[in-house]
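everything below, folded, please.
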Amino acid sequence: NADVFAQWLFLFTGAAVAMTHFSLPPLARYLVVAGLLLLGGLVAGFTSMQRRGFFGPVLRKLLRFRPFAARLRHLEEDAHALDEKIRVYYHREEHRGQFLMAVGWGLLGWCGGLVETWIVLRLLSPAHGFSTAFSIDALAMILNSILLFIPARLGHAERRRGACAAAGGLAPPARRVRGA
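This is a model prediction of the structure:
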């Protein structure tokens, strides 16, 4: 949960940079806000479900189906015990510091990809700076979250980055350079 929350903070900041530094088309602004709301809603919803108990209720629903019941019944006690441990974690004061530390490390990890994007951008287009790299990286991740349910996001990686580069005022890359 901490890593996903860190990602949301990264994306929120990147979207703010993109919207203040570049004149994005209305559709792009709509997709950015929709992606942030989608991911933020998922983070808040999953956190809320964890605080109330997630694994026990999900397992109870699965036990209603006969093919699963025999194989999963022995996990019921463990699922409720795990829910209780997660509840305790969220409610203890000393765990908040650990959670914030995990968010910080997650944010640092997301910044690693940003540094990679900035280095490549500086090599390909020295006139564009950190705000352009941040915008491209964040907008590509937001589009990635919108396209979450497309199997393997087939064929969308280059188009997504190209669209984000074009929104930042760059010519989209002709082919993928990384991993080539």
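
please report how far Trp118 lies from Ala127.
Distance, Trp118 to Ala127, by C-beta to C-beta, to the nearest Å: 13 Å. For every residue, glycine as well, the C-beta is placed using N, CA and C.

who has more neighbours, the two?
When Trp118 and Ala127 are compared on other C-beta atoms under 10 Å, the one with more neighbours turns out to be Trp118, at 20 against 9.

so that one touches Ala133, yeah?
Yes: using C-beta atoms under 8 Å, Trp118 makes contact with Ala133 at a distance of 3.8 Å.

and Lys85, which of the three is it?
Secondary structure, DSSP: H, G, I helix; E, B strand; the rest coil: Lys85 is helix.

of all the residues in the helix or strand hosting Asn144, which ones are buried?
Per DSSP states H and E: Asn144 is located in helix 130-146. Residues of helix 130-146 classed as buried by neighbour count (16 or more other C-beta atoms under 10 Å): 131-146.

ok, so of these, who is nearest Tyr90?
Ser145 (23.9 Å; C-beta to C-beta).

which residue packs closest to Phe55, ignoring adjacent ones?
Distances taken as C-beta to C-beta, 6 or more residues apart in numbering place Ala79 nearest to Phe55, at 4.1 Å, with adjacent residues excluded.

where does the chain have low pLDDT?
146-180 (pLDDT under 70).

which one's the longest helix in it?
helix 93-124 (DSSP state H).

mind giving me the packing neighbours of that one?
Packing contacts for helix 93-124, counted by 3 or more C-beta pairs under 8 Å, 6 or more residues apart in numbering; DSSP states H and E, involve helix 2-21, helix 130-146.

repeat that with 10 Å
helix 2-21, helix 76-91, helix 130-146, helix 156-167 (3 or more C-beta pairs under 10 Å, 6 or more residues apart in numbering; DSSP states H and E).

winner for burial among the ones you listed?
Neighbour counts (mean count of other C-beta atoms under 10 Å) averaged over each of the helices and strands packed on helix 93-124 peak at helix 130-146, with a mean of 23.

residues touching the residue lying closest to Leu75 once chain neighbours are set aside, list them.
Nearest non-adjacent residue to Leu75, counting by C-beta to C-beta, 6+ apart: Leu59, 6.2 Å away. Contacts of Leu59 were listed using C-beta atoms under 10 Å, 6 or more residues apart in numbering, and they are 68, 72-73, 75-76, 78-80, 82-83.

ok, these vs Arg122, which is closest?
Of the contacts of Leu59, the one sitting nearest to Arg122 (C-beta to C-beta) turns out to be Leu82, at 46.0 Å.
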